[in-house]
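Peer 1: generate coordinates for the sequence data below:
(2 chains)
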Amino acid sequence: MALKIYNTLSREKELFTPLTPDHVGMYVCGPTVYSDVHLGNCRTFISFDIIYRYLVYLGYKVRYVRNITDAGHLEGDRDEGDDKFSKLARLQKVEPMEIVQKYTVGFHHVMQLLNNLPPSIEPTATGHIAEQIEITKQILANGYAYEVNGTIYFDVEKYNKELPYGILTNRKMEDLLEGTRELGGQDEKRGRLDFALWIKAKPEHLMQWPSPWGMGFPGWHIECSAMSEKYLGKKFDIHGGGMDLAATHHTNEIAQSQACYHTSPANFWMHTNMLTVNGTRMSKSLGNGFLPEELFTGNHPLLEKAYAPMTVRFFMLQTHYRSTLDFSNEALQASEKGLKRLWDAYEVLKQLAVSNGQLAMDAELDAKVNKLVNGFDEFMNDDFNTAKVLGNMFELVPVINSIKDGLIKADSIAAATLSLLQQKFKAYLENVFGLKNSAANNEVLSGVMELLIEVRKESKTKKDFATSDKIRNQLAAIGINLKDEKGGEMSWDLS
RNA sequence: GGUCCUGUAGCCGAGUGGCUAGGCAAAGCUCUGCAAAAGCUUCUACACCGGUUCGAAUCCGGUCGGGACCUCCA
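Peer 2: The predicted model follows:
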């Protein structure tokens, strides 16, 4: 059973074989830190976090590089535009690096709340100006770029004569030329598809660096080429990002790498689909995005309530990463309840004791459990199908709960089956899916609850239901659920 | 205009030609002092029209919706 990954380049699932045995190099385009990340951005990072975690689970030693874009983005399509950081900084009368710092910290905080693992390396564009100048020089030397008045452009039409430029998204040059809107005003570019590798800065620019072509700043696409090469080499295994990056950004990255190193940078190109609201893509420019902060506090007109970070993570796991996912309160509330059901069963499963004698062995049930559990790896190997894994997990929930309630005898499945079930549930829920219990694990609270449960048990024994109901109802009012279980036991959790 | 994706029960969603995914909601039953939780049932859908096939949600063609990208965007 081997891992298959859908490759945007070939438009089909391919068997994944790393370039170096047991090692995987993966580069994912990170955020541009001039504003808060919205939930749509988070989806991509959650998807790649799970891909990263699964590769680690499979035993690969993974170097996961995700950049921070803190320089170089232009406003609009005019190449003489200000970059986003300078523009915002001037507006707010702060240093550009203050903007960068603020939103980088915010981004990391959100990633942590969503329980995304930090990447192995998180390079910044401003920290790799020298590398970007080097690669630009090489592309110039190789003849795929030209200088106009201190700005360096990539010559797309020349490149396309040798290698297909639109290969990633299956576009022909003629179609691209036809589809592009007419450029307004003066233009120093030779071809309308040409893009800037290095941009000459006006004296008033806040962020600029010296280069062989004078003071300037790097174009957007060049940073990923420079940083991926530096940390992963000229060719590596996986390059990922949101689907919206494929047609322009990733297309240009391939062209840059080919023009500089005569190789396509990555074997596998992976693209995650968009998060939509009412069927339309969530984006900064449309202003229909939710900030994670708004989601976690419920402080947004379109939100009926607050949702926990783990609910959001689980919500995204229920869909395949290449499908669009539509946001709605109803769907999120369904996820919240579903996750609770799954997690409660997991807590029960952890407590089940493995029995040694199989007196009540039920071969059919045992086979069913094994089949469902073995499906986890099988589904993940099929292009990371988290939704199907969850489907199997939910099918196992009644089995787990029935064993606990004695409806199914614990020894009706083999001891090995039960321990496999326990081991895989833990590995998947905690390690691969990166879910965690949102309930506070507080010793003081646990102690208090133990006391309350004892008092309530006593009052129930004395048939003092007024007291037992009072305890249960008042706890419910502050968000603690007390559950009566079979045999007079009680358990609790936070709602 | 070009390149693609997509249309699945009340809602969200997975689906590799034959084997009712799953979750949420709803209804009934069991358990229970009551409730919740849990267990067991019920709700058996694939936009439309053709075609291929013994057999199509799945493959092919067409029609009609919806969406993304081609411009900064995960």
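Peer 1: what count of nearby residues applies to the residue of chain A found nearest RNA strand B?
Peer 2: The nearest approach of chain A to RNA strand B comes at residue A:242, 1.7 Å away (CB to the nearest atom of the strand). For every residue, glycine as well, the C-beta is placed using N, CA and C. When neighbours are counted by other CB atoms under 10 Å, residue A:242 registers 22.
Peer 1: and residue A:392, by the same measure?
Peer 2: Burial of residue A:392, expressed as a neighbour count using other CB under 10 Å, amounts to 18.
Peer 1: contact partners for it?
Peer 2: Each residue near residue A:392 by CB atoms under 8 Å, 6 or more residues apart in numbering is listed here: A:372-373, A:375-376, A:379.
Peer 1: that older thread, dihedrals phi and psi, the residue of chain A closest to RNA strand B?
Peer 2: Torsion angles at residue A:242 (phi, psi; degrees, to the nearest 10) stand at phi -70, psi 150.
Peer 1: and residue A:337, by the same measure?
Peer 2: The main-chain torsion angles of residue A:337 are listed as degrees, to the nearest 10 and equal phi -70, psi -40.
Peer 1: neighbours of it, how many?
Peer 2: Neighbours of residue A:337 using other CB under 10 Å come to 10.
Peer 1: then the one 4 residues further on?
Peer 2: Residue A:341 has 13 neighbours, counted by other CB under 10 Å.
Peer 1: what about it, distance to residue A:494?
Peer 2: 15 Å (CB to CB, to the nearest Å).
Peer 1: now residue A:127
Peer 2: When CB to CB is applied, the distance between residue A:127 and residue A:494 equals 42 Å.
Peer 1: same question, residue A:465
Peer 2: Applying CB to CB to residue A:465 and residue A:494 gives a distance of 24 Å.
Peer 1: what does residue A:139 give?
Peer 2: Distance from residue A:139 to residue A:494, by CB to CB: 56 Å.
Peer 1: which of those two has more neighbours?
Peer 2: Using other CB under 10 Å as the criterion, residue A:139 and residue A:494 rank with residue A:139 on top: 26 against 13.
Peer 1: got a list of what that one touches?
Peer 2: The neighbours of residue A:139, taking CB under 8 Å, 6+ apart as the test, are A:145, A:152, A:154, A:197, A:256, A:259-260.
Peer 1: grab the nearest non-local neighbour of residue A:383.
Peer 2: Distance criterion CB to CB, 6 or more residues apart in numbering; nearest residue to residue A:383, sequence neighbours excluded, is residue A:6 at 4.8 Å.
Peer 1: before we move on, which element is that neighbour in?
Peer 2: Secondary structure assigned from DSSP states H and E places residue A:6 in strand A:4-7.
Peer 1: who does that strand touch, helix- and strand-wise?
Peer 2: With contacts defined as 3 or more CB pairs under 8 Å, 6 or more residues apart in numbering; DSSP states H and E, strand A:4-7 has these neighbours: strand A:12-15, strand A:266-272.
Peer 1: averaging pLDDT over each of those, which comes out lowest?
Peer 2: Mean pLDDT is lowest for strand A:12-15 out of these, coming in at a mean of 90.
Peer 1: if the residue of chain A closest to RNA strand B is in a bridge, with which residues?
Peer 2: Beta-bridge partners of residue A:242, counted by DSSP bridges, are residue A:272.
Peer 1: from what I can see it touches residue A:30, true?
Peer 2: No. In this structure, residue A:242 is not within contact of residue A:30 by CB atoms under 8 Å, at 10.8 Å.
Peer 1: now do stretch A:105-119: distance from first to last residue.
Peer 2: Start-to-end span of stretch A:105-119 (CA to CA, to the nearest Å) is 15 Å.
Peer 1: average pLDDT across that stretch?
Peer 2: On average, the pLDDT along stretch A:105-119 is 96.
Peer 1: now do stretch A:452-461
Peer 2: The pLDDT scores in stretch A:452-461 average 90.
Peer 1: distance between that stretch and the chain's centre?
Peer 2: Distance of stretch A:452-461 from the chain centroid (CA atoms, centre = their mean, to the nearest Å) equals 46 Å.
Peer 1: in it, what's buried?
Peer 2: Within stretch A:452-461, the residues that count as buried by 16 or more other CB atoms under 10 Å are A:452-453, A:456, A:459-460.
Peer 1: so residue A:397 is in which element?
Peer 2: In this assignment (DSSP H and E), residue A:397 forms part of helix A:386-404.
Peer 1: who touches stretch A:151-165?
Peer 2: The set of residues that contact stretch A:151-165 without belonging to it, under CB under 8 Å, 6+ apart, is A:79, A:136, A:139-140, A:143-147, A:173, A:176, A:188-191, A:193-200, A:213, A:216, A:251-252, A:255-256, A:258-259.
Peer 1: look up phi and psi at the closest residue to residue A:86 other than its chain neighbours.
Peer 2: On the basis of CB to CB, 6+ apart, the spatially nearest residue to residue A:86 that is not a chain neighbour turns out to be residue A:206, at 4.1 Å. The phi and psi torsions at residue A:206 (degrees, to the nearest 10) take the values phi -80, psi -30.
Peer 1: residue boundaries of the helices in the stretch 151-300 of chain A?
Peer 2: A:156-162, A:173-179, A:220-232, A:251-261, A:292-297 (DSSP state H, counting those that start in this stretch).
Peer 1: what's the neighbour count on the residue nearest to residue A:383?
Peer 2: The local packing of residue A:6 (other CB under 10 Å) involves 19 other residues.
Peer 1: can you pull the contacts of residue A:472?
Peer 2: With contacts defined as CB under 8 Å, 6+ apart, the neighbours of residue A:472 are A:456, A:482.
Peer 1: residues making contact with the helix or strand containing residue A:416?
Peer 2: Following DSSP H and E, the helix or strand that holds residue A:416 is helix A:415-426. The set of residues that contact helix A:415-426 without belonging to it, under CB under 8 Å, 6+ apart, is A:346, A:349-350, A:352, A:354-356, A:358, A:366, A:369-370, A:373, A:376, A:393, A:396, A:400, A:410.
Peer 1: what do you get if the cut-off is 6 Å, keeping everything else the same?
Peer 2: If you take CB atoms under 6 Å, 6 or more residues apart in numbering as the criterion, helix A:415-426 is touched by A:346, A:349, A:354, A:356, A:366, A:369-370, A:373, A:376.
Peer 1: ok now the very next helix or strand once past that helix, how far from the chain's centre?
Peer 2: For helix A:415-426, the following helix or strand on the C-terminal side (DSSP H and E) is helix A:443-461. From the chain centre to the centre of helix A:443-461 is a distance of 41 Å (CA atoms, centre = their mean).
Peer 1: just the CA atoms of helix A:443-461, as CSV, please.
Peer 2: Written as CSV, here are the backbone C-alpha positions of helix A:443-461 (Å, rounded to 0.1, in the frame of the first residue of the first chain):
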residue,chain,number,x,y,z
GLU,A,443,-6.3,19.4,38.4
VAL,A,444,-8.1,21.8,40.7
LEU,A,445,-11.2,21.6,38.7
SER,A,446,-11.0,17.8,38.5
GLY,A,447,-10.8,17.7,42.3
VAL,A,448,-13.8,19.9,42.8
MET,A,449,-15.8,17.8,40.3
GLU,A,450,-14.8,14.7,42.1
LEU,A,451,-16.3,16.1,45.3
LEU,A,452,-19.5,17.3,43.6
ILE,A,453,-20.0,13.9,42.0
GLU,A,454,-19.6,12.2,45.4
VAL,A,455,-22.2,14.5,46.9
ARG,A,456,-24.6,14.0,44.1
LYS,A,457,-24.2,10.2,44.3
GLU,A,458,-25.1,10.4,48.0
SER,A,459,-28.2,12.5,47.4
LYS,A,460,-29.3,10.1,44.6
THR,A,461,-28.9,7.2,46.9
